[in-house]
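**Student:** Need a 3D model of the following:
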Amino acid sequence: MPKFSKNSLTASSKGFADIVLLPYQNTDKPAMIIELKHDNSADTAIRQIKEKRYTGALAGYTDEIILVGISYDDSKGHSCVIEKVKL
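**Tutor:** The predicted structure follows:
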């Protein structure tokens, strides 16, 4: 049984996250904010999540949030950066 609901392009005050996964109530899973980049670094994706305050879209959520930056780079290969934050 799924433990997450998926929201695409969840709005914050400064833009939209590509994907937000919210755990259903009464689960022990963290929320996730995922930002995708093409020909840009995964670190840039994480920085964008923080600078544009995408975590603000999770107002009222008080548990751990996982930030995921994924880069699809044709010349350097693909990469991913994952960080945990607590609101």
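**Student:** Every contact and neighbour count from this point should use C-alpha atoms.
**Tutor:** Will do.
**Student:** ok, which stretches of the protein are strands?
**Tutor:** 4-12, 15-23, 31-38, 64-73, 77-86 (DSSP state E).
**Student:** Return the set of buried residues in the fourth one.
**Tutor:** Across strand 64-73, burial judged by 16 or more other CA atoms under 10 Å covers 65-72.
**Student:** elements contacting it?
**Tutor:** With contacts taken as 3 or more CA pairs under 8 Å, 6 or more residues apart in numbering; DSSP states H and E, strand 64-73 sits against strand 31-38, helix 42-51, strand 77-86.
**Student:** which residue packs closest to D73, ignoring adjacent ones?
**Tutor:** D39 (4.1 Å; CA to CA, 6 or more residues apart in numbering).
**Student:** can you list the weak-confidence ranges in the protein?
**Tutor:** Applying pLDDT under 70 to the chain flags residues 1-15.
**Student:** What residues are bridge-paired with the closest residue to I82 other than its chain neighbours?
**Tutor:** Distances taken as CA to CA, 6+ apart put V68 closest to I82, at 4.6 Å, once the chain neighbours are dropped. Counting by DSSP bridges, V68 is bridged to I34, I82.
**Student:** Any idea which residue is closest to the centre of the chain?
**Tutor:** I33 (1.6 Å; CA atoms, centre = their mean).
**Student:** does that one really touch A45, like I thought?
**Tutor:** No. With contact defined as CA atoms under 8 Å, I33 does not reach A45; the gap is 10.4 Å.
**Student:** Kindly point out which residues are neighbours of both of the two.
**Tutor:** V68 (CA atoms under 8 Å, 6 or more residues apart in numbering).
**Student:** any idea which of the helices and strands packed on strand 64-73 is most buried?
**Tutor:** Each of these was assessed for mean neighbour count using mean count of other CA atoms under 10 Å. The highest is strand 31-38, with a mean of 21.
**Student:** In PDB, list the C-alpha atoms belonging to that one.
**Tutor:** What follows is strand 31-38, C-alpha atoms only, in PDB (Å, rounded to 0.1, in the frame of the first residue of the first chain):
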ATOM      1  CA  ALA A  31       8.400  14.200   3.200                       C
ATOM      2  CA  MET A  32      10.500  14.700   0.000                       C
ATOM      3  CA  ILE A  33      11.100  17.600  -2.200                       C
ATOM      4  CA  ILE A  34      12.700  16.700  -5.600                       C
ATOM      5  CA  GLU A  35      14.200  19.100  -8.000                       C
ATOM      6  CA  LEU A  36      15.300  18.000 -11.500                       C
ATOM      7  CA  LYS A  37      18.000  19.700 -13.600                       C
ATOM      8  CA  HIS A  38      19.200  19.100 -17.200                       C
END
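**Student:** All set, thanks.
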